[in-house]
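> have a look; sequence and predicted model below, questions after that.
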Amino acid sequence: MTTEELYQSRLKRYITTMKNGKPDMIPIRPFVAEFASQYAGYTAQQATHDYRYAVKAYLKCARDFDWDAIPANMIYCWTGLVQAIGLTYYGIPGIDLPPQVGFQYKEPPEEKAFMPPEDYDLLISDPTGYLFNVWLPRVSNDIQRPGQPISERHNLALLKGGMAMTEYFSVLGNLAQSLRTECGTVSAICGILKAPLDILADKLRGYYGLANDLCYQPKKVLEACEAMMPHLMQVALDSADPQKQVPIGFWMHRSCVPLISLDHFQNIFWPTLKPIVEEIWKHGNQVLFYAEGNWDRHLETFRELPAGSVVYHVDRGDIFLAHQILGDKFCLSGGIPNDLFHREPEEVKDYCKKVIDGVARDGGYIMDAGAIIQNDARVDCIQALTEITREYGQY
């Protein structure tokens, strides 16, 4: 079999499953991150500082493991881009963190949030203008607000940042092509979506700030989410797979019970997310609901979406409950606890068999860990996941 034939067979398997069908075997799509760099012999610092190491690591993993699909690069915090624009909200391995610790988000305390509570009207009136003119200077050491003296450093930050962004996304596109031509491996996702409420929690108000706002000014929170909806939808559509084969990645963070109340989920989070997903589906693109944490309380709500419009990924939720509630409408993925990957290979195999028996026998399941796989995972445990899926996951 040629590399292109291998790629086409894996792509067919992956697409068939995402449509909730039964392929020839269960596809394997691990969201590896710093695991890839460790496996290839690089530190997290090396793969973050120089994306060429990350590229080599992902290609090595794709060659060495019998995986159908992987994301192009989950070590997406490139130091060159972060420092080009002077961003302050990333903790970088080798600078802010030990060399073997993956990059982290740094959230300021509530009183120093990147968006203070009195800024809601500014955000609502012009979301993109607010982000560029107000938010960006707050998260950057180099960029000045309008009305402040413009320095050479400010101009260079914008210039270097744009150049770095263009370079980096070009590299990711080339990596996706190399995965295909050199390894016969599918690039698992294309494009990005975040819920409006998660944007507020992650990058603007912070979790504590948003929690206060939901109690004291929920109408402003709703209006802000509504104002951001068309922009987030357009970013998702513009970055989606033009061939409409692989899904848009949707990272689900802080908007589930108990991090927010059920009332806020039903009346703010869901009404400002559901129309985006439905519109994306009308354009022919699926969305990967990467449900970080436990979203079991909301499974019945997710059934409101059109059949086949999403792939639902289980992290700390109950994969068997998700199958019971969603399995007739959507493909599922994940559900293998990450803490198994620093135990013993036989434990990994036993759990994978349990999931295959309980969830995957009629198709519509993609093998993956619950969460992104970092460098605490043992190689023999990841190999065990791969081997048992190939041995036991045949149809």
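All right, it came through fine. Residues are numbered from 1 along each chain as shown.
> the closest residue to Thr79 other than its chain neighbours - how many residues pack around it?
For Thr79, ignoring the flanking residues on the chain, the nearest one in space by CB to CB, 6 or more residues apart in numbering is His49 at 4.5 Å. Using the backbone N, CA and C atoms, a C-beta is placed for each residue, glycine as well. Around His49 there are 21 other residues, counting by other CB atoms under 10 Å.
> His49 touches Gly94, doesn't it?
Yes - using CB atoms under 8 Å, His49 is in contact with Gly94, at 6.7 Å.
> for the longest helix belonging to the chain, which positions count as buried?
In the chain, taking DSSP state H as the definition, the longest helix is helix 152-178. Neighbour-count burial for helix 152-178 flags 154, 157-158, 160-161, 164, 168, 171-172, 175-176, 178 (criterion: 16 or more other CB atoms under 10 Å).
> rebuild the residues you listed as JSON lines, extending it with pLDDT.
Formatted as JSON lines, the buried residues of helix 152-178 follow (pLDDT from 0 to 100):
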{"residue": "His154", "pLDDT": "94"}
{"residue": "Ala157", "pLDDT": "92"}
{"residue": "Leu158", "pLDDT": "92"}
{"residue": "Lys160", "pLDDT": "93"}
{"residue": "Gly161", "pLDDT": "91"}
{"residue": "Ala164", "pLDDT": "91"}
{"residue": "Tyr168", "pLDDT": "89"}
{"residue": "Val171", "pLDDT": "90"}
{"residue": "Leu172", "pLDDT": "87"}
{"residue": "Leu175", "pLDDT": "94"}
{"residue": "Ala176", "pLDDT": "94"}
{"residue": "Ser178", "pLDDT": "96"}
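> ok, the residue nearest to Ala33 when sequence neighbours are not counted to Lys274 distance?
In space, and not counting its chain neighbours, Ala33 is closest to Met74: 3.7 Å by CB to CB, 6+ apart. Relative to Lys274, Met74 is positioned 27 Å away (CB to CB, to the nearest Å).
> which one's more surrounded, those two?
Ranked by neighbour count (other CB under 10 Å), Met74 and Lys274 place Met74 first, with 21 against 15.
> you'd agree the more buried one is up against Ala371?
No - judged on CB under 8 Å, Met74 makes no contact with Ala371 at a distance of 10.8 Å.
> identify the contacts common to the two.
Phe31 (CB atoms under 8 Å, 6 or more residues apart in numbering).
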